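*Asks:* got a sequence here, can you build the structure:
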Amino acid sequence: MGFDPTQHNVKTEVFAGLTTFLTMSYILAVNPIIMSDIGMDKGAQFSSTVIAAVFATLVMAFYAKMPFALAPGMGLNAFFAYTLVQMMGYSWQEALAAVFIEGIAFIILTIFKVREAIVNSIPIDLRYSISVGIGMFIAFIGLKNGELIVSSESTVTALGEWTPTTLVAAGGIVLGTIMLARNIKGALFFTILIMTLIGIPLGVTQIPENFSLVSLPTSIEPIAFKVDFSHFIALDIDYYIIVLTILFMDLFDTLGTLIGASASTNMINHSTGEIPRLNEALMADAVGTTVGALCGTSTVTTYVESATGIMEGGRTGLTAFTVAMLFFISLFFSPLFLMIPSAATTSALVLVGIMMLRTIIHIDFIDISGAMPCFVTILMMPFTGSISEGIVLGLLSFVIVKLCSGCYKEITPTLYILAFFFILKYVAPLL
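*Replies:* Below is the predicted model:
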């Protein structure tokens, strides 16, 4: 699993895995709810979510040997349920087929190292801006989860009212900061646990009636292997466009997470900007998506919450292995894991967001032709609520600005090709 005892220790890697799992465990509750809205069995979807996460994360642990965790992606699952099925009228079986085809396409692109070529074509300053943007994005998610910021008609967002939920969220940020400042190992993990316990008397941590610690897994038979390829076989152009859309969403979500989390640590080569074992990590994502579709769930992707475990010191496949084992255990102890309130994880997301801002010092803001695309990347991730949109808009603005300012030599052939597809992405809906 890539574990080197001279560089890391088991305790650090396990704590890192625990932290990552706790910050992303919300998917166990959210994904079944979203998918049940389109008629999929909720219990089966819970089991499918776990199986897909375990399989993909184990591939990351043993093949890629990196500390990233994977599961059905937020945003991608909403696109699957509310856009493909509810708005466009496809059945969930047909939508699963689109995810499966996208996964196969990803495997092919990864084998031929196309995705790695895309990463290597991204300018180094933009790679650092991706890290900063993700830091802003996950901090924004944390603040929303803890209701410290809320929607507002006049100002888009506003400061939330003081409630037990916001007290748990704000208290966690303060406690986590103090523990990190005092160099306490496992600070983020312990902060989540402490705030979960504090949330019990405050009514934030809900203990359901007839609480049972152990629960038996639900069969995935109602949704497994239910892919319907009829639209693909019929050469439905709209369906092919959907597959490409999912492909781009998954591609840049994954690349953004891998680049962002790696750039904020010593996992990246700061002179070349290269990420070790990148292609193997991309393959874990591709295989996970393919198997996840067969299990009956939406696109599997590398989770940005992996950054919380990496900040705790996770550097090897042992971190990912720990996450996978915790997901597996959750099949039998789901009531316990589902008790953790989102407010208790606010601290981990906000504090990791702060730490990911460190890479901003590597960005050259003197040259405006390079600074503007970096700024666009950073700004658009939290404002659009999408890592992939931030990357797409940042890269597109880089190509346009550099080309029009006469710095065309800084644009690689790969970036020209990507810019063409990006423009097509935004223009196609208008035609």
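
*Asks:* give me the pLDDT for G172.
*Replies:* Note for G172: predicted pLDDT of 94.

*Asks:* what helix or strand does it sit in?
*Replies:* Per DSSP states H and E: G172 is located in helix 164-181.

*Asks:* that's a strand at A158, yeah?
*Replies:* Yes: counting by DSSP: H, G, I helix; E, B strand; the rest coil, A158 is found in a strand.

*Asks:* and it, how far from K144?
*Replies:* Distance, A158 to K144, by CB to CB, to the nearest Å: 12 Å. C-betas here are computed from N, CA, C, even on glycine.

*Asks:* so which of these two has more stuff around it?
*Replies:* More neighbours surround K144 than the other of A158 and K144, with 19 against 12 (other CB atoms under 10 Å).

*Asks:* the more buried one: what's it in contact with?
*Replies:* Neighbour list for K144: V150 [criterion: CB atoms under 8 Å, 6 or more residues apart in numbering].

*Asks:* I'd like the next helix or strand past the helix or strand harbouring it.
*Replies:* Assigned by DSSP H and E, K144 falls within helix 124-145. Later in the chain than helix 124-145, the nearest helix or strand by DSSP H and E is strand 149-152.

*Asks:* contacts for that next one?
*Replies:* Residues from elsewhere that reach strand 149-152 (CB under 8 Å, 6+ apart): F140, L143, K144, T157, A158, L159, G160, E161.

*Asks:* which residues does the closest residue in space to the second one that isn't next to it in sequence bridge with?
*Replies:* What that stands for is L143. Leaving out its chain neighbours, the residue that sits closest to L143 by CB to CB, 6 or more residues apart in numbering is I149, at 4.6 Å. Per DSSP bridges, the residues bridged to I149 are L159.

*Asks:* next, count neighbours for I149.
*Replies:* Applying other CB under 10 Å, I find that I149 has 17 neighbouring residues.

*Asks:* cool, and the one 10 residues further on?
*Replies:* Neighbours of L159 under the rule other CB under 10 Å: 12.

*Asks:* if I look at it, how far off is G146?
*Replies:* From L159 over to G146 the distance is 12 Å, taken as CB to CB.

*Asks:* again with M380
*Replies:* Look at M380 and G146: by CB to CB, they are 23 Å apart.

*Asks:* if you count surrounding residues, which of these two has more?
*Replies:* The residue with more neighbours, out of M380 and G146, is G146; 30 against 22, by other CB under 10 Å.

*Asks:* which non-adjacent residue is nearest that one?
*Replies:* Counting by CB to CB, 6+ apart, the nearest residue to G146 once its immediate chain neighbours are dropped is A169, at 2.5 Å.

*Asks:* got the confidence number for that neighbour?
*Replies:* For A169, the model assigns a pLDDT of 94.

*Asks:* ditto for D125
*Replies:* At D125, pLDDT is 87.

*Asks:* per-residue pLDDT, the nearest residue to L294 once chain neighbours are set aside?
*Replies:* Among residues not flanking L294 along the chain, F225 sits closest, at 5.8 Å (CB to CB, 6+ apart). Note for F225: predicted pLDDT of 94.

*Asks:* ditto for the one 10 residues further on
*Replies:* According to the per-residue confidence, L235 scores 85 in pLDDT.

*Asks:* please apply the same query to the one 3 residues further on.
*Replies:* As predicted, D238 sits at a pLDDT of 80.

*Asks:* quick check: which element contains it?
*Replies:* Assigned by DSSP H and E, D238 falls in helix 237-263.

*Asks:* following that helix, which helix or strand comes up?
*Replies:* Per DSSP H and E, the first helix or strand lying C-terminal to helix 237-263 is helix 278-295.

*Asks:* and that following helix, how far out from the chain middle?
*Replies:* Chain-centre distance of helix 278-295: 14 Å, with CA atoms, centre = their mean, to the nearest Å.

*Asks:* got it, and stretch 175-194?
*Replies:* 23 Å.

*Asks:* likewise stretch 195-213?
*Replies:* 27 Å.

*Asks:* residue contacts, the residue most central in space within the chain?
*Replies:* Centroid check for the chain by CA atoms, centre = their mean gives Y303 as the closest residue, at 2.9 Å. Y303 sits next to T20, M24, F68, A69, L70, A71, G73, T257 when contact means CB under 8 Å, 6+ apart.

*Asks:* of those residues, which is the nearest to I361?
*Replies:* T257 (21.2 Å; CB to CB).

*Asks:* that closest one against V304, yeah?
*Replies:* Yes: with contacts defined as CB atoms under 8 Å, T257 counts as touching V304 at a distance of 4.8 Å.

*Asks:* run the chain-centre distance for the helix holding G172.
*Replies:* With CA atoms, centre = their mean, you get 23 Å for helix 164-181.

*Asks:* tell me which residues are up against the helix or strand just after it.
*Replies:* Downstream of helix 164-181, the next assigned helix or strand under DSSP H and E is helix 187-202. Contact partners of helix 187-202, identified using CB under 8 Å, 6+ apart, comprise 15, 18-19, 22-23, 164, 167-169, 171-172, 175-176, 179-180, 184, 205, 207, 308, 311-312, 339-341, 343-345, 347-348, 351-352.

*Asks:* give me the helices and strands touching the helix or strand just after helix 187-202, please.
*Replies:* As assigned by DSSP H and E, the chain's next helix or strand after helix 187-202 is helix 230-233. Contacts defined by 3 or more CB pairs under 8 Å, 6 or more residues apart in numbering; DSSP states H and E place helix 230-233 against helix 92-111, helix 237-263.

*Asks:* I am finished for the moment; much appreciated.
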